[in-house]
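Trainee: Predicted model follows, preceded by the sequence.
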Amino acid sequence: GKKSLRQKVVGELKHYYDGFHLLWIDTKVAARMVWRLLHGQVLTRRERRRLLRTCADLFRLVPFLVFVIVPFMEFLLPVFLKLFPEMLPSTFETESKKEEKQKKKLNAKLELAKFLRETIAEMAKRNKADTG
């Protein structure tokens, strides 16, 4: 069914609360990783990627906080998200946005594979013509 305005607002507030909560957890884990790095321990590849993602999220949070702090600026947030889709920290992304991003990456990879296949086929034709 259709949601009322109150349900939409409550849903959005819950979404942002959950996003900030996840970002807080990621920040605490990242701080422990930095502590380990400072004491000479080596991070695994997975930990390194998580640390980089969390640092990037913290840097993205600065412009995002302007929309939260300035009154009525949150109404402009959809416009800015349309212009700058990577502006939100990763903890604030919805599942549909994640799926959409994965589909775009997959399509780009498929196009690249198609281009490379055509290039190799063309090179094979040239080599065959040169040797034949």
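Mentor: Thanks, I have the structure now.
Trainee: what sits up against stretch 29-40?
Mentor: Residues from elsewhere that reach stretch 29-40, judged by Cβ atoms under 8 Å, 6 or more residues apart in numbering: 43, 47, 50, 51, 54, 55. Backbone N, C-alpha and C define where each C-beta goes, glycine included.
Trainee: Neighbour-wise, give me the winner out of the residues you listed.
Mentor: The member of those that has the most neighbours, counting by other Cβ atoms under 10 Å, is residue 54 with 23 neighbours.
Trainee: Okay, and it sits in which element?
Mentor: According to DSSP states H and E, residue 54 maps onto helix 45-69.
Trainee: which helices and strands sit right next to that helix?
Mentor: Counting contacts by 3 or more Cβ pairs under 8 Å, 6 or more residues apart in numbering; DSSP states H and E, helix 45-69 is packed against helix 5-38.
Trainee: Buried by neighbour count: which residues of the helix it packs on qualify?
Mentor: By neighbour count with 16 or more other Cβ atoms under 10 Å, helix 5-38 contains the buried residues 19, 23, 26, 27, 30, 33.
Trainee: before we move on, back to that, can you lay out the contacts of stretch 29-40 as a markdown table showing pLDDT?
Mentor: Converted to a markdown table, those look like this (pLDDT from 0 to 100):
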| residue | pLDDT |
| --- | --- |
| 43 | 92 |
| 47 | 94 |
| 50 | 94 |
| 51 | 94 |
| 54 | 93 |
| 55 | 93 |
